[in-house]
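A.B. asks: Sequence plus the predicted model coming up.
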Amino acid sequence: MEEAASVLSPFPSSMRLSALIPLLTVCLVFVAGSVSAQTFREKALDAAKVGDNDVAIENFEKALNSTLKVFKDDHVEVITARLELGEAYRAAGRWDDAIGQLDYVWKRARFDAEQNKRWDGEEGHLAYAAGEKLGRAMQGAARYAEAAVVFATTISDGEKSGRDPDQLLILDALLADTLLLLDRVEDASQAVARARERIQTKYASQPENQVRALSTLVTLYHHHRQHVKAFPIAQEAVDIANKSLPPPSLVTAQALLNLGSVALHADGQLDVAIKSLRGAEETYVKLKGPEAPELMNIQLNLSQAESVKKNYKEAESRGMQALSIARLHYPADSLENAQCLHNLANCYMELRQPGKASDLYATALNIFEKTLGRDHPQAVEAKKMLEAARKSAERGE
């Protein structure tokens, strides 16, 4: 046996074993690192699902560090780990940390996709995902000009790689939203126009989806107080719904709600607003009951309509109904509750109760700034009204 072994190998058995030890060590480190990274990642994903951002971040950081022990920095596993960590930072509002990770992933993945001609492969998918998340993080950090560039570039990348129009529509809306924050209204209109073209192409034979997609654009303009821009899109959505969808239809009801919301703020369209809102209210009550979450917005807008007509007590009553529905369906720090509080505060200002209005404005402002950012029109308006209410209360008005 010893002679056979010596024939098979010129080295002593002890030397052969010692030569294998480094290789075995590397293999063990590789396996241990991979297992650790996966374990941390699973814990992070579980935490993220329940909104525990701190635990998610801690474990995503550990997953990235474990992955870096196994793979080089440009490996797809590392890039994916950075993407997940960046998204966790973004969810926690840690904008600078999020941007640091996501910017690296975006640029690295775009380079790899271009170099390897794999825009429709894993590199392209990573670049697209990172572009959307990076743009959103830059929005959160109020770096709007940079966010607009990222969104526009990601749209261009998506078009040349044949992305599904549904995915591109999301980025069209994000780009338009960012441009409106920069007060570049006409540039935003071009982004919306491209979105409408995609909607017509994608959903030419699907009126229900066409109405839904158009309603998203209406909501975008409505949130930025661009009611003149929103009105024709809202009217188009209602016309398509009335023509193509049999009543009663929840999709038609949503389109009517959107039309009523923007018509309320368009000159000479108060009657259109009230008619649309009541039509939507009738359908929602019939199909979903008197406490349907959609009725919050309807009551909110009907409250505002009563204020326009100077029926402030009726406006307050409608506003209280809206707030009651919001509290039933949404968290206390939700945008829905903030909008209802802001509306009620407006009612109390008209009823000459600035003290009550101040408290409601302050709560609404805190939610708007936390959720939308200080520069968002709703936050700016709430801050302005809070200052006015406090001055009025100090004067005893």
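C.D. replies: All right, it came through fine.
A.B. asks: would you list every one of the strands in the stretch 151-300 of the chain?
C.D. replies: Here the stretch 151-300 of the chain has no strands by DSSP state E, counting those that start in this stretch.
A.B. asks: any idea how far the residue nearest the centre of the chain is from residue 309?
C.D. replies: Nearest to the geometric centre of the chain sits residue 136, at 7.6 Å (Cα atoms, centre = their mean). The gap separating residue 136 from residue 309 is 40 Å, by Cβ to Cβ, to the nearest Å. Where you see a C-beta, it was placed from the backbone N, CA and C, and this is true even at glycine.
A.B. asks: Equivalent analysis for residue 157, please.
C.D. replies: Going from residue 157 to residue 309 by Cβ to Cβ gives 50 Å.
A.B. asks: in what helix or strand does residue 317 lie?
C.D. replies: helix 312-329 (DSSP states H and E).
A.B. asks: Would you mark the buried spots in that helix?
C.D. replies: Neighbour-count burial for helix 312-329, counted by 16 or more other Cβ atoms under 10 Å, picks out 312, 314, 315, 316, 317, 318, 319, 321, 322, 323, 325, 326.
A.B. asks: Kindly report the same for stretch 185-198.
C.D. replies: 187, 188, 189, 191, 192, 194, 195, 196, 198.
A.B. asks: Can you lay out the residues you listed as a markdown table showing pLDDT and distance to residue 290?
C.D. replies: Output for the buried residues of stretch 185-198, formatted as a markdown table (pLDDT from 0 to 100; distance: Cβ to Cβ, whole Å):
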| residue | pLDDT | distance to residue 290 |
| --- | --- | --- |
| 187 | 98 | 43 |
| 188 | 98 | 37 |
| 189 | 98 | 39 |
| 191 | 98 | 39 |
| 192 | 98 | 35 |
| 194 | 96 | 40 |
| 195 | 97 | 35 |
| 196 | 97 | 35 |
| 198 | 96 | 37 |
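A.B. asks: Can you tell me which of these is closest to residue 167?
C.D. replies: Of all these, residue 167 sits closest to residue 198, with 10.1 Å by Cβ to Cβ.
A.B. asks: Skipping its backbone neighbours, what lies nearest that closest one in space?
C.D. replies: Closest residue to residue 198 apart from its sequence neighbours, by Cβ to Cβ, 6 or more residues apart in numbering: residue 165 at 4.5 Å.
A.B. asks: What is the neighbour count of the one you found?
C.D. replies: If you count neighbours by other Cβ atoms under 10 Å, residue 165 ends up with 17.
A.B. asks: so it touches residue 202, yeah?
C.D. replies: Yes. Here residue 165 reaches residue 202: they are 4.2 Å apart, a contact under Cβ atoms under 8 Å.
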